[in-house]
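**Student:** Would you be able to build a 3D model of this:
(chains A and B)
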Protein chains: 2
Amino acid sequence: MKIYLSKSAILQGVQTVQRAVPLKSPMLTLQSILLTALDNRITFAATDMEIGIRYSHAAEIEEEGSVLLPAKLLFEIIRRLPEDIIECESKGRNFILRYGDADFTINGYDPEEYPEIGGFIPTTTMTLPGKILKKFIQQVYFASKIDEESGNIFSGILLEIQGENLTLAATDTHRMAVNTGNFSTTGRNPGGNVVELVPKTKQSWIIPNKSMMEISRLLRNDDEVTIEGHRESARINFKFSDTEVLTRLINGQYPNYKQVIPNQSGNTIIFTRTVLLEAVERAALLSKDAYLKTSILRFQIEDGQIIINQAAEMGKIFEKIPIEYSGNTMIVTFNLRYIIDALKNIETEKVSMEIASPYSPCIFRPYESEEDENYISLVLPLRH
Amino acid sequence: MKIYLSKSAILQGVQTVQRAVPLKSPMLTLQSILLTALDNRITFAATDMEIGIRYSHAAEIEEEGSVLLPAKLLFEIIRRLPEDIIECESKGRNFILRYGDADFTINGYDPEEYPEIGGFIPTTTMTLPGKILKKFIQQVYFASKIDEESGNIFSGILLEIQGENLTLAATDTHRMAVNTGNFSTTGRNPGGNVVELVPKTKQSWIIPNKSMMEISRLLRNDDEVTIEGHRESARINFKFSDTEVLTRLINGQYPNYKQVIPNQSGNTIIFTRTVLLEAVERAALLSKDAYLKTSILRFQIEDGQIIINQAAEMGKIFEKIPIEYSGNTMIVTFNLRYIIDALKNIETEKVSMEIASPYSPCIFRPYESEEDENYISLVLPLRH
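**Tutor:** Numbering: from 1, shown residues only, chains lettered A, B, ... in the order given. Prediction:
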């Protein structure tokens, strides 16, 4: 291959796909980026066999072809090149970058050794603004199991399309976050033509949370993103601007998130998010566990205020947080980390908290938010 | 003690001194900050027994006294307090912070258990602008041995006062950086009175590079800094605005840096710093050693250009860097890391490189810089 491309365009391609490159792999060829010059476009591709990212860009192509290059060296040299048009030429497996009075050669691998990232014809496609999907992902991600071995359904995020409704949900069985929105759905009829359709039956996929986080990182606010799913494929596809992300799915039956949400809201408490969050974060300082996984938070909910009153080896805290509430006094105990996570992932300053009794699920919602009216974040209290 | 102080003033004090708190220590009381309320001032102090930092601030003091508090918890709670006046009161060893409708108690230690940071009456004092000392430190620091066990003289920076000249020098025996400037010197006569004096004999101290780096971090550009040294003390003192840094010295005989500098400059090469630096950084990518400690750089110096032409397992590089030079062709081999460090620590864009022969010390200087006319950075070439 022989192409001419600006340094910034190559860098953009490398940076977009390199997050799919595994940090460690027994296969050296997997720690690589595949460059393909074809039909006046240069395509960058990388995969760790779970997620695959492809980025394609118009380029001046003198000779078509492909090369497989070590990802780290490619990134490091490209970002250190002068801002200029770079002449890129392959000689066998090697790749020569020419800039100014200089050239740099990267010794590459055989492109044939690289695994192919397969495609499929979708049965459902939905298009929505990139910034909405980005927000949905960020709003539910924290409630999934992080750093869990992939394959565990709770390390996944549920994506569900029913009619024109898109739902993202995540839970680690102790807490849950869900958001739903209304977007346009299209599909293909058996003849392969795109048709507007409202699938009668719900379609859902469990997507590794790591993949979802990568998608949210890659999405820019002005992107339009198209989700392409297939009823029976083991993969799902996200397409936006010049980028395509294909991810494996997690097999299994996701719990019915709707069953967890109480029908009756019980007592409603309205408070200012950052005021409560800051008090909880101060209380967290008394925990010996830096990750707060086992730290306990005790709310004494009274007429007009929540009282936090806790002591530990290191010291003690006493705080009164003003709230809108006029019910009975109630003492509720939570995992401290879950309350911090829930409060951090709500965008509005006013938040409502609904809880029927000290042992029933507690629901946090953005208060009077048009944009996030369907968002809920649920935390199960601890027995005390 | 009982004092009233703004959150930001407490935070400033804690942040200033906490860099002296050891990250690990068998003595819990050493991982603490000592607060002393006396004479309408609050003083924060911390030490790891090598460096001691004191910061003092005017405060409304209702009751004098002192407390010894765990540094990490103190910092974490202070930065999470509301922006407000905080009422601070000690009860025995404990320290109560009152803010709004809340209070937070830190369980502290016995202040008597904290080591005293001693003082001395200086024999030499020199005052100079903080930003100059800050720059001097940054200009020589890299040439000292970093992460070496403290006590090794090459993990120190030489500070020398002779007449009104201040010199900072550092070397790891393979390279060296030195800067000298002219500032006002005062001293005390045997009666203890401050007098302007030009000590006939040179006074010098070897200061741990870690301490010097902390001083450079603490110095603000508009500070005036006073260095207080004593001919026979094991410590040296730096005072600026509300801060005082006292550091242990390293015992030993520092090599005579002047002897290393060649009298005859030989060939002079003038080049654009970033152009050469970027080429060298690209060549560094071919090194297997991520820290570049053993990486070799070969300069072919010719009429009008330096050629870098190197090959490795990963690839190869060929670059021509334009220079002002019209002498004979010369091949010089360096440790690659040393050239990167030397070039990164010069401020001017034009740099001169003086080298008599491929095996004689190579000197880098800022070219035609009034501000840094005395700065030199020397690198010994490798035998090849």
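**Student:** so how many other residues sit close to A:Thr348?
**Tutor:** Neighbours of A:Thr348 under the rule other CB atoms under 10 Å in any protein chain shown: 16. No exception for glycine: its C-beta is placed from N, CA and C like everyone else's.
**Student:** That one: what's its closest spatial neighbour, skipping adjacent residues?
**Tutor:** Of all residues not flanking A:Thr348 in the chain, A:Pro366 sits nearest, at 4.0 Å (CB to CB, 6 or more residues apart in numbering or on different chains).
**Student:** For that neighbour, list each beta-bridge partner.
**Tutor:** Judged by DSSP bridges, the bridge partners of A:Pro366 are A:Val351.
**Student:** so who does it touch?
**Tutor:** The neighbours of A:Pro366, taking CB atoms under 8 Å, 6 or more residues apart in numbering or on different chains as the test, are A:Ile346, A:Glu347, A:Thr348, A:Lys350, A:Val351, A:Asp372, A:Glu373, A:Tyr375.
**Student:** export those residues to TSV and tack on pLDDT, secondary structure and distance to B:Ile301?
**Tutor:** Below are the contacts of A:Pro366 laid out as TSV (pLDDT from 0 to 100; DSSP: H, G, I helix; E, B strand; the rest coil; distance: CB to CB, whole Å):
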residue	pLDDT	secondary structure	distance to B:Ile301
A:Ile346	97	coil	63
A:Glu347	93	coil	60
A:Thr348	96	coil	65
A:Lys350	97	strand	69
A:Val351	98	strand	68
A:Asp372	88	coil	65
A:Glu373	90	coil	70
A:Tyr375	96	coil	65
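**Student:** In PyMOL, how would I select just the buried ones from those?
**Tutor:** A single PyMOL command selects the buried members of these (16 or more other CB atoms under 10 Å in any protein chain shown):
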select buried, chain A and resi 346+348+351+372+375
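**Student:** which one of the contacts of A:Pro366 sits closest to B:Lys131?
**Tutor:** B:Lys131 lies nearest to A:Glu347 out of the contacts of A:Pro366, by CB to CB, at 42.4 Å.
**Student:** Can you say which helix or strand has A:Glu89 in it?
**Tutor:** Assigned by DSSP states H and E, A:Glu89 belongs to strand A:85-91.
**Student:** One more: A:Gln12?
**Tutor:** Element membership for A:Gln12, per DSSP H and E: helix A:7-17.
**Student:** Output the contacting helices and strands for that helix.
**Tutor:** strand A:32-38, strand A:41-47, strand A:51-58, helix A:71-79, strand A:85-91 (3 or more CB pairs under 8 Å, 6 or more residues apart in numbering or on different chains; DSSP states H and E).
**Student:** which residues does A:Ile161 bridge with?
**Tutor:** Beta-bridge partners, per DSSP bridges, of A:Ile161: A:Leu166, A:Gln203.
**Student:** correct me, but it touches A:Lys202?
**Tutor:** Yes - assessed by CB atoms under 8 Å, A:Ile161 is found in contact with A:Lys202 at 7.2 Å.
**Student:** if you count what's nearby, which of those two comes out ahead?
**Tutor:** Set side by side, A:Ile161 and A:Lys202 show unequal neighbour counts under other CB under 10 Å, the larger going to A:Ile161 at 22 against 11.
**Student:** Check the spacing between the more buried one and chain B real quick.
**Tutor:** 42 Å (CB to the nearest CB, to the nearest Å).
**Student:** Could I get the contacting residues of that residue?
**Tutor:** Residues near A:Ile161 by CB under 8 Å, 6+ apart: A:Thr124, A:Met126, A:Thr167, A:Thr185, A:Pro199, A:Lys202, A:Gln203, A:Ser204, A:Ile227, A:Gly229.
**Student:** any idea how far chain B is from the last one?
**Tutor:** With distances taken as CB to the nearest CB, A:Gly229 is found 41 Å from chain B.
**Student:** Please apply the same query to the first one.
**Tutor:** Spatial separation of A:Thr124 from chain B under the definition CB to the nearest CB is 45 Å.
**Student:** What helix or strand is A:Phe95 located in?
**Tutor:** Using DSSP H and E, A:Phe95 falls within strand A:94-99.
**Student:** could you check whether the strand holding A:Glu89 is close to chain B?
**Tutor:** No - judged by CB under 8 Å from any CB of the partner chain, strand A:85-91 stays clear of chain B, getting no closer than 11.7 Å.
**Student:** again with stretch A:280-287
**Tutor:** Yes - counting by CB under 8 Å from any CB, chain B has neighbours in stretch A:280-287: A:Glu281, A:Arg282, A:Leu285.
**Student:** tell me the average confidence for that stretch?
**Tutor:** In this model, stretch A:280-287 has an average pLDDT of 96.
**Student:** Need the contact partners of that stretch.
**Tutor:** Residues outside stretch A:280-287 that contact it (CB under 8 Å, 6+ apart): A:292, A:294-295, A:297, A:308, A:310-312, A:314-317, A:319, A:336, A:339-340, A:343, B:73, B:76-77, B:80-81, B:102, B:104.
**Student:** Enumerate the residues of the stretch 51-200 of chain A near chain B.
**Tutor:** Contact residues, the stretch 51-200 of chain A versus chain B (CB under 8 Å from any CB): A:70, A:73, A:76-77, A:80-82, A:94, A:101-107.
**Student:** Could you identify the buried members of those residues?
**Tutor:** The neighbour-count test (16+ other CB under 10 Å) marks A:Pro70, A:Leu73, A:Ile77, A:Leu81, A:Ala102, A:Asp103, A:Phe104, A:Thr105, A:Ile106, A:Asn107 as buried among those.
**Student:** pLDDT value on the last one, please?
**Tutor:** The score at A:Asn107 is 97. That number is its pLDDT.
**Student:** check contacts around it.
**Tutor:** A:Arg93, A:Asn94, B:Glu313, B:Met314, B:Gly315.
**Student:** ok, now the fifth one?
**Tutor:** Counting by CB under 8 Å, 6+ apart, A:Ala102 touches B:Ala279, B:Arg282, B:Ile317, B:Phe318, B:Glu319, B:Lys320.
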